[in-house]
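>>> Would you be able to build a 3D model of this:
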Amino acid sequence: MLAANAILKQQALAGLLTYAYERQEQRQTQYRGRGRAGPERPQRVSVTVRYQITAVSRQAAAIAAEQATLGWRVYVTNAPATQLTLADAVLTYRDEWLIERGFQRLKRVPLALDPLFVKRDDQVIGLINLLSIAVRLLTLLEFVVRRQLKQNQEQLVGLIANNPQKGIANPTTERLLKTFADVTLTIVRSPGQVIRHVTPLSALQIRILDLLGLPPGVYTQLAEN
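Presented below is the predicted three-dimensional model:
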């Protein structure tokens, strides 16, 4: 009964259900070759076997033991109970996606970790260390802006291109940086003179800098001649 056992295993019911079956056999005699039937004519017997399940029984003790484990999760940590309670451990685990998001940033845009063209081990280590600093910076910028918006009970308006009136309370760093994509520093050099010009900041850009605790001068001073 390989097929029945395979179904029980696939449905995770092995050991929880047992079954009884019977073997059904059907024989059919056929004459070989052409001609009339007779005692001297060769015969062959074909046997068709079929297995029929006659009963299915529930294993109450095994089912009860399995039900006792349903809905439970095992959390393992090396932090002592004085530092991390059970409730704190569960909440920390639920924030696991924050760590995974950092790895996604590391592997995708805007960092796109790609060591294919790095040949030496020290180059691989250096590249990962450098980009990990960038991940920390992206995370810090996002945290500071979101914390400030929460303290102000404010939503940042103008970040969504197709819906500029929609406010966002939890903007991503990528969306914030995209706002500054059109800021350009132009340097014109002529004999005896250097002229610098930086794109004037919009109200949204100034507000983002303010949320980060940065003055507009971090950009405007670039144009000081």
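>>> Tell me which stretches of the protein form strands.
Applying DSSP state E to the chain gives strands spanning 17-31, 43-58, 156-157, 167-168, 185-190, 193-198.
>>> In a markdown table: those strands, plus mean neighbour count, distance to residue 85 and mean pLDDT.
Placement of C-beta: from N, CA and C, glycine included. As requested, the strands of the chain are exported to a markdown table (neighbours: other Cβ atoms under 10 Å; distance: least, Cβ to Cβ, whole Å; pLDDT from 0 to 100):
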| stretch | mean neighbour count | distance to residue 85 | mean pLDDT |
| --- | --- | --- | --- |
| strand 17-31 | 10 | 41 | 84 |
| strand 43-58 | 9 | 40 | 84 |
| strand 156-157 | 19 | 35 | 92 |
| strand 167-168 | 16 | 33 | 90 |
| strand 185-190 | 10 | 51 | 90 |
| strand 193-198 | 12 | 51 | 90 |
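>>> Can you add distance to residue 127 and give those back as a markdown table?
As requested, the strands of the chain are exported to a markdown table (distance: least, Cβ to Cβ, whole Å):
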| stretch | distance to residue 127 |
| --- | --- |
| strand 17-31 | 55 |
| strand 43-58 | 58 |
| strand 156-157 | 33 |
| strand 167-168 | 32 |
| strand 185-190 | 27 |
| strand 193-198 | 31 |
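>>> which one of those strands lies closest to residue 87?
Residue 87 sits nearest to strand 167-168 of all those, at 30.4 Å, using Cβ to Cβ.
>>> Neighbouring strands - and their directions - for that closest one?
strand 156-157 (antiparallel) (DSSP bridges).
>>> Pull the residues that contact the strand it pairs with.
145, 149, 164-169, 171, 204, 207-208, 211 (Cβ atoms under 8 Å, 6 or more residues apart in numbering).
>>> redo that, cut-off 7 Å
Residues from elsewhere that reach strand 156-157 (Cβ atoms under 7 Å, 6 or more residues apart in numbering): 149, 165, 167-168, 171.
>>> swap in stretch 208-225?
Against stretch 208-225 from outside (Cβ under 7 Å, 6+ apart): 141, 144-145, 148-149, 176, 179, 183, 185, 194-198, 201, 206.
>>> Residue 89 is nearest to which of the strands of the chain?
That would be strand 167-168 among the strands of the chain, by Cβ to Cβ, at 31.2 Å.
>>> and the residue most central in space within the chain, how far is that from residue 134?
Centroid-nearest residue in the chain: residue 100, 7.0 Å away (criterion: Cα atoms, centre = their mean). According to Cβ to Cβ, to the nearest Å, residue 100 stands 17 Å off from residue 134.
>>> who's in contact with residue 90?
residue 75.
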